[in-house]
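In: coords please:
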Amino acid sequence: MTTAPTTPKVPAPRSAVLDDAHLGDIRGALGTIKQHDSGERRTLSAKLKTLLAIVGPGLIVMVGDNDAGAFATYGQAGQNYGTQLLWTLLLLIPVLYVNQEMVLRLGAVTGVGHARLILERFGKFWGAFSVIDLFLLNALTLVTEFIGITMAAGYLGLPKTGSVILAAAIIIASAFTGSFRRFERVAIALCAASLLLVPLYFMIHPKSSQMAHDFVVPVIPGGNGELATVMLLIIGIVGTTVAPWQLFFQQSYVIDKRITPRFMKYEKADLWIGIAIVIIGAAAMMGLVAAAFAGTDGVGNFDDTAGLITGIEAKAGKVAGVLFAIALLDASIIGAFAVSLSTAYAIGDVFGMKHSLHRGVQGAKGFYAVYAGLVTAAAAIVLIPGSPLGLLTQGVQTLAGVLLPSASVFLLLLCNDKQVLGPWVNGPKTNAFTAAVVGVLVSLSVILTASVLFPDISSNAILDIMAGCGIAGVLAAGYSFTRRRTATKEDPIDRTGRENWRMPPLQTLAKPTMSTARKIGMGALRTYLLIAMVLVVIKIVQVALGH
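Out: Next up, the predicted model:
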């Protein structure tokens, strides 16, 4: 009698996950998925339950994007230029999806945060540079969230100091429960409250036909004298809608929620839900503010978010003003959640600290210390008499727009790293689109720089700059294409079975080689961005002083 040969067990692939709290069941706010669930769903009901359990990362990162800074930026666009800048939102939809899809893919496949990947794949210099950028920008952004809280509280008749302290306590306590599910339930409840802008929109009822027209027909409002200010505002809209912190937050949050490649299609659906909500909210905000100030002396005289609330009350009554103030308060709190978490995740990643909402304070002291320290510091700054709060609110969104090109460059390089993503690396179409996006973002920065240096710059000069950047982009694309054609042809990427592929441990990966041309290009980009940041600050100060 012969016995059948036994099939040797294939050891499970080692994962690069750095914190073992990131392994286990998915315990979302709206459902649970077991760790060894295959991800296969046959019935519509089962698919819906899975989507509800997965919903969270894409929704929170997008709704958190419509924060206090967004209220100020979209409100300024609506008050000063009506709905003429609505078209910028339409152009940003594919940018939002492609950027955030790449980071959710990185998170699900690698199990390693964005900051740690940059550090390990590009070295200490670039890793430190990126984290310092993120830390400083997030700290400033967090201050703007508390500015929003003070403005909302002031309109509602609440004491400033008490409101700031209470909000800070709520933001800290919600994360300090040691339960990922409890935190996510609070965050999703805040996301639902953001829909208050919808009834407010119908109370003020902007002209739908005009909004539809301006949503699809690009217009640059103002004459030559206003062109620099308009371009500054457009870059602010880009910065508030596609911010660097979003990349770090979503990648780490996907990891902390324990989402794996098996559930990628559900996470993409979650992202689309978030994008739909953020664009609807942004368009509603711009439209209702435009309608509230149309035909008044306030047109073209934006001051701050408190002025927006006053104008809305004058147009539609006290209830409308209260709704807008509550929406602002809600947006500020969820924005503070997301920005603080993205920083704590990044610091935990880089320094190898335990960093998970599944852990209690005793199990991740450094992670919670960074989170609470940032919130406390931002709250304290807002309470200091004479702080330049208006200047901070205007500047943060623009600085985010200036820094975004470098963040997108690292994202693109990581998503083409076969050691990191294996069968999940970018395809040619995604690479082409993302490269074009980086080119557009750099072009906006060049226009901003020129507007600062030459305040009376003409429309023709701006078109010349755009044409020059376009020609440079075409030449760069041609060079890249030629190099690929002349290089040794590689085997096509085998994407079969990728649902079960995870990145191996980081220490087992071969270090990437960077060509001299790439090093020069990245160094030049960083140098330019530093110059652009300085000039942005100069421009903001000039605007603040009325020059």
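In: now the strands for the stretch 401-547 of the chain?
Out: Counting by DSSP state E, counting those that start in this stretch, the stretch 401-547 of the chain has no strands at all.
In: before we move on, what about the chain?
Out: For the chain, the strands defined by DSSP state E cover 26-28, 31-33.
In: winner for burial among the ones you listed?
Out: strand 26-28 (a mean of 21; mean count of other Cβ atoms under 10 Å). Heads up, the C-betas are built off the backbone N, CA and C, glycines and all.
In: How many neighbouring residues does D20 have?
Out: By other Cβ atoms under 10 Å, the residues close to D20 number 12.
In: Which pLDDT does the model give it?
Out: As predicted, D20 sits at a pLDDT of 83.
In: show me what contacts it?
Out: D20 makes no contacts at all, as judged by Cβ atoms under 8 Å, 6 or more residues apart in numbering.
In: all helices for the stretch 51-200 of the chain, in order.
Out: Using DSSP state H, counting those that start in this stretch, the helices of the stretch 51-200 of the chain run over residues 57-63, 68-81, 87-110, 114-122, 124-155, 160-175, 180-193, 197-204.
In: re earlier: can you say which of the strands of the chain is nearest to G523?
Out: strand 26-28 (41.1 Å; Cβ to Cβ).
In: What strands line up against that closest one, and which way round?
Out: strand 31-33 (antiparallel) (DSSP bridges).
In: Reformat the helices of the stretch 51-200 of the chain as TSV; add mean pLDDT, distance to I235 and mean neighbour count.
Out: Shown next, in TSV, are the helices of the stretch 51-200 of the chain (pLDDT from 0 to 100; distance: least, Cβ to Cβ, whole Å; neighbours: other Cβ atoms under 10 Å):
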stretch	mean pLDDT	distance to I235	mean neighbour count
helix 57-63	94	20	28
helix 68-81	92	10	28
helix 87-110	93	10	21
helix 114-122	89	23	24
helix 124-155	86	14	22
helix 160-175	94	28	18
helix 180-193	94	27	19
helix 197-204	92	24	17
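In: so the closest residue to A53 other than its chain neighbours bridges to which residues?
Out: Spatial nearest neighbour of A53, chain neighbours left out: G31 (3.1 Å); criterion: Cβ to Cβ, 6 or more residues apart in numbering. When assigned by DSSP bridges, G31 has beta-bridge partners G28.
In: Enumerate every residue touching G31.
Out: 49-50, 52-53.
In: What of G307?
Out: So G307 contacts 79, 298 (Cβ under 8 Å, 6+ apart).
In: give me the low-pLDDT residue ranges for the stretch 351-500 of the chain?
Out: 387-402, 404, 448-449, 451-453, 455, 458-459, 476-492 (pLDDT under 70).
In: Which residue ranges of it form helices?
Out: 365-383, 389-414, 418-421, 428-453, 459-486.
In: show me the contacts for the nearest residue to G300 once chain neighbours are set aside.
Out: Spatial nearest neighbour of G300, excluding adjacent residues (Cβ to Cβ, 6+ apart): N80 at 5.0 Å. N80 sits next to 233, 299-302 when contact means Cβ under 8 Å, 6+ apart.
In: Let's test this: what are the backbone torsions at W501?
Out: phi -90, psi 130 (degrees, to the nearest 10).
In: Touching, it and V420? I think so.
Out: No - the pair W501 and V420 does not pass the contact test of Cβ atoms under 8 Å, sitting 11.3 Å apart.
In: Give me the common contacts of these two.
Out: The contact lists of W501 and V420 share V109, where a contact means Cβ under 8 Å, 6+ apart.
In: Comparing those two, which shows the higher neighbour count?
Out: V420 (24 against 17).
In: Look up how far K268 lies from the residue nearest to G300.
Out: Distance of N80 to K268, computed by Cβ to Cβ, to the nearest Å: 36 Å.
In: And for F71?
Out: 28 Å.
In: L403 - how many residues pack around it?
Out: For L403, using other Cβ under 10 Å, the count is 23.
In: scratch that, A377 is what I was asking about
Out: Residues lying near A377 (other Cβ under 10 Å) number 14.
In: so who does it touch?
Out: A377 touches A139, counting by Cβ under 8 Å, 6+ apart.
In: again, but for M285
Out: Taking Cβ under 8 Å, 6+ apart, one finds 66, 70-71, 74-75, 78, 197 in contact with M285.
In: Show the backbone phi and psi for G39.
Out: phi 90, psi 0.
In: That one contacts R262, doesn't it?
Out: Yes - using Cβ under 8 Å, G39 is in contact with R262, at 3.3 Å.
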